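Engineer: Let me see the structure of the following:
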Amino acid sequence: VYKFTQAKNDLSRLESDTTWLRSDIDRLEMDARRIEQGSSSAFFSMDLRRMSSDMTRRYNDLQRLAFDVKNLLKLAQKDARLNQLARDMDWDARDLDNRFQFEIMNSAQSLEWTVRRIDPKLIGYDAQWTAGDLSRACRDIQWKTRDLRWDAQELVKKTQP
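Structural biologist: Down below sits the predicted model:
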């Protein structure tokens, strides 16, 4: 029960950590559009690098969590308490997968396209690479959330009393 509870709490924390992620990426895209129109943003490159770094951290956290959930499949037994914890994990995994698949990936791709469209002299020479890294990390996370979602669903089935 302890390992199930710990995985559920970690997944819930990660899911709530991504609640405002789409709006943060959209804000970066708005900043890029302002730069494209001639306005300057002294912190754009730094914010973009921070977002890319945060996304890589999220991917590492998610990878560890997916490994933990996969290991729970070996420990799963038919039990009402374990089943409730598995259902909670399934719910959070589903929300996380949907958020990345339908919101965050689209926002990151849109940001990348916007940044690639702008002259590197205006936006910074490493901005295109960083936006590409961010977009790639979002795709990687989405693939991992899909695997996590499947494992969580399997966990629900295995713990069903």
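Engineer: alpha carbons only for contacts and neighbour counts from here, please
Structural biologist: Fine.
Engineer: what helix or strand does the most centrally placed residue in the chain sit in?
Structural biologist: In the chain, the residue lying closest to the centroid (CA atoms, centre = their mean) is I141, at 5.2 Å. I141 is part of helix 127-159 when elements are defined by DSSP states H and E.
Engineer: How far away from the center of its chain is that helix?
Structural biologist: Taking CA atoms, centre = their mean, to the nearest Å, one finds the center of helix 127-159 at 7 Å from the center of the full chain.
Engineer: And stretch 55-74, by the same measure?
Structural biologist: Distance, stretch centre to chain centre, for stretch 55-74: 12 Å (CA atoms, centre = their mean).
Engineer: ok, now stretch 88-97?
Structural biologist: On the basis of CA atoms, centre = their mean, stretch 88-97 sits 12 Å off its chain's mean C-alpha point.
Engineer: cool, and stretch 114-122?
Structural biologist: Its chain's C-alpha centre lies 25 Å from the corresponding centre of stretch 114-122 when counted by CA atoms, centre = their mean.
Engineer: Show the average pLDDT along stretch 4-22.
Structural biologist: For stretch 4-22, mean pLDDT is 93.
Engineer: can you check stretch 59-66 too?
Structural biologist: Here the average pLDDT along stretch 59-66 is 95.
Engineer: Please list the residues outside it that contact it.
Structural biologist: Contact partners of stretch 59-66, identified using CA atoms under 8 Å, 6 or more residues apart in numbering, comprise 7, 10-11, 14, 137, 140-141, 144-145, 147-148.
Engineer: Stretch 22-30 too?
Structural biologist: The contact list for stretch 22-30 (CA under 8 Å, 6+ apart) reads 44, 47-48, 51, 103-104, 107-108, 110-111, 114-115.
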